[in-house]
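**Q** Quick one: sequence plus predicted model below, questions after.
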Amino acid sequence: MSRDKLSYSFEFSAPRDDEAIAKVKKVHARLGELSPHFYSVTYGAGGSTKDGTKQTVIDLNNLGTPVAAHISFGTDGPDLIRGLLHEYKEAGVTRLVALRGDIPSGVSGKGLPHANELVEFIRHETGDHFHIDVAAYPEFHPETRHVDDEIRYFKMKVDAGANSAITQYFYNADAYFRFMDRCNAAGVDVPVFPGIMPITNYDGIVRFSKICGAEIPQWIEKTLRNYKEDPASLKAFGDDVVTQMCERLIDGGAPGLHFYTLNQSAPTLRIWNKLGL
């Protein structure tokens, strides 16, 4: 597929205060020069940033580029989510990222609705109004106990009405290709967009990767550790690693790339320019 036919998107973390909102809008304006297909805005554990998410999604969507709102039941009841869906619909939002979501601290995950149930709920309430993305985990969700469960749960979300998926980030393209092979074998044929996380510092990426179950290959981790006190070399190495992986993903048939921006424009722009997009 020609690179100009691929889908590119950028994700923002939901801002929690006016200063963060201003920063997101500044980054949005800078990345808007790249003409992405859409942006997305996250939804904190248990819906903890639901107000910030909603306002940011509506504000950015009004600027002309489609914005996908992350949404999850968390500990909220169906009436609240129903109301939120209709607010988005009335505001002209046409895309959602449906997740079970992170479990809030101190709350048991037992009994919380799963993403496939949320997708079913969205379809029941709003029909085909929304394009629904769901999460995919090439290196397995941290709670997955059996290899076959990962594809089974993913297929349940697609069968419930998901249109496409965005993966957890990874640094091994083979993990993505193996996941796609398993999807094809299971008859799951929706587009699955690789999630791309730029590398900007050692401690942050190691800590976050442990939490979310993303593997950092040993050769990458050791090199990053070696550059821990040399930020310029670390960023240059990280940019090269991520760019080379993106090139391999695109050449291997990925339908596009979804960048986790962490509300910064520079890391994504560096990779974008190295890819020649």
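**A** In hand now; what should we look at? Quantities reported herein were computed from a predicted structural model and do not represent experimental measurements. Residues are numbered from 1 along each chain as shown.
**Q** which residues of the protein fall in strands?
**A** Counting by DSSP state E, the chain has strands at residues 7-12, 38-41, 67-71, 95-98, 131-136, 164-169, 192-196, 256-260.
**Q** Tell me how many other residues crowd the closest residue to residue 135 other than its chain neighbours.
**A** Distances taken as Cβ to Cβ, 6 or more residues apart in numbering put residue 99 closest to residue 135, at 5.7 Å, once the chain neighbours are dropped. Every residue, glycine included, has its C-beta placed from N, CA and C. Using other Cβ atoms under 10 Å, residue 99 has 22 other residues around it.
**Q** Any chance of JSON lines for the strands of the chain, columns mean neighbour count, distance to residue 84 and mean pLDDT?
**A** Formatted as JSON lines, the strands of the chain follow (neighbours: other Cβ atoms under 10 Å; distance: least, Cβ to Cβ, whole Å; pLDDT from 0 to 100):
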{"stretch": "strand 7-12", "mean neighbour count": "22", "distance to residue 84": "18", "mean pLDDT": "96"}
{"stretch": "strand 38-41", "mean neighbour count": "24", "distance to residue 84": "13", "mean pLDDT": "96"}
{"stretch": "strand 67-71", "mean neighbour count": "26", "distance to residue 84": "7", "mean pLDDT": "95"}
{"stretch": "strand 95-98", "mean neighbour count": "26", "distance to residue 84": "10", "mean pLDDT": "96"}
{"stretch": "strand 131-136", "mean neighbour count": "24", "distance to residue 84": "14", "mean pLDDT": "97"}
{"stretch": "strand 164-169", "mean neighbour count": "22", "distance to residue 84": "20", "mean pLDDT": "97"}
{"stretch": "strand 192-196", "mean neighbour count": "24", "distance to residue 84": "24", "mean pLDDT": "98"}
{"stretch": "strand 256-260", "mean neighbour count": "23", "distance to residue 84": "23", "mean pLDDT": "98"}
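**Q** Please produce CSV containing those, extended by distance to residue 30.
**A** CSV is the format used below for the strands of the chain (distance: least, Cβ to Cβ, whole Å):
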stretch, distance to residue 30
strand 7-12, 10
strand 38-41, 12
strand 67-71, 16
strand 95-98, 21
strand 131-136, 23
strand 164-169, 21
strand 192-196, 17
strand 256-260, 13
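**Q** Quick check: residue 129 touching residue 89?
**A** Yes - the pair residue 129 / residue 89 is scored as a contact, 5.7 Å apart, by Cβ atoms under 8 Å.
**Q** now for the strands of the chain, which one comes closest to residue 23?
**A** Closest approach to residue 23 among the strands of the chain is made by strand 7-12 (9.4 Å; Cβ to Cβ).
**Q** for residue 56, what are its contacts?
**A** Contact analysis of residue 56 by Cβ atoms under 8 Å, 6 or more residues apart in numbering lists 12, 14, 15, 21, 24, 41, 67.
**Q** just these now: which is nearest residue 228?
**A** residue 12 (27.2 Å).
**Q** Quick check: bridge partners of the closest one?
**A** Beta-bridge partners recorded for residue 12 (DSSP bridges): residue 41.
**Q** got a list of what it touches?
**A** With the criterion set at Cβ under 8 Å, 6+ apart, residue 12 makes contact with 24, 27, 28, 39, 40, 41, 42, 56, 261, 263.
**Q** show me where the stretch 101-250 of the chain has helices.
**A** Per DSSP state H, counting those that start in this stretch, the stretch 101-250 of the chain carries helices over the ranges 115-126, 147-159, 173-185, 202-212, 218-226, 231-251.
**Q** May I see the buried residues of the third one?
**A** Buried residues in helix 173-185, counting neighbours by 16 or more other Cβ atoms under 10 Å, are found at 173, 175, 176, 177, 179, 180, 182, 183.
**Q** how many degrees apart are that helix and strand 131-136 in direction?
**A** Relative orientation of helix 173-185 versus strand 131-136 (axes from the mean of the first three to the mean of the last three Cα atoms, to 10 degrees): 120 degrees.
**Q** before we move on, what about the fourth one?
**A** Between helix 202-212 and strand 131-136, the angle formed by their directions is 100 degrees, by the same axes, to 10 degrees.
**Q** looking only at pLDDT, what's the mean for helix 202-212?
**A** Taken as a whole, helix 202-212 has a mean pLDDT of 93.
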